[in-house]
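Undergrad: Predicted coordinates and the sequence they were generated for:
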Amino acid sequence: MNKVIKKIDNRIFRVERDVIEVTSISKPDDNWEFTDKHGHLHRWQNGNLPSLKLIIDCPADEEYPAETHFECKRCSEIINPGYKSPESREFMPGLIHCYIDDVEVEESVFEHELY
């Protein structure tokens, strides 16, 4: 959580921003390449698999995600692309919380009182 605190005329103004972890379980392995039985080369390019097509075996429903696999666009051989674990955790900014004298207030009230 990020914090900014400012004291003005004996009033304490504080802003906190939640930090949300968005690290993926896996990501494309840019070093992965595979040549299928027909000599077609497959590899990740900028996060995409241009030589493969995604086949939906069973669509997603309320309880389960879709079941899918990849096939070569040219010969339809089933290909399992290479993935790897992320090297580091990834975060993005979340909700903003504003406080005046330790009482949470709406952002518009905070800005009005601060300025």
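TA: Alright, I've got the coordinates.

Undergrad: Centre-most residue in the chain?
TA: The centroid of the chain falls nearest to Val22 when counting by C-alpha atoms, centre = their mean (4.6 Å).

Undergrad: what element comes up after the helix or strand of the chain with the lowest mean pLDDT heading to the C-terminus?
TA: Within the chain, no helix or strand scores below strand 2-8, which has a mean of 83 by mean pLDDT, DSSP states H and E. Counting by DSSP states H and E, the next helix or strand C-terminal to strand 2-8 is strand 11-21.

Undergrad: what are the pairing partners of that following strand, and which direction each?
TA: If you go by DSSP bridges, strand 11-21 pairs up with strand 2-8 (antiparallel), strand 91-100 (antiparallel).

Undergrad: Would you mind saying which of the ones you listed lies nearest Glu113?
TA: strand 91-100 (5.9 Å; C-beta to C-beta). To be clear about C-beta, it is placed using only N, CA and C from the backbone, and glycine gets the same treatment.

Undergrad: So what's the model's average confidence on the closest one?
TA: For strand 91-100, mean pLDDT is 95.
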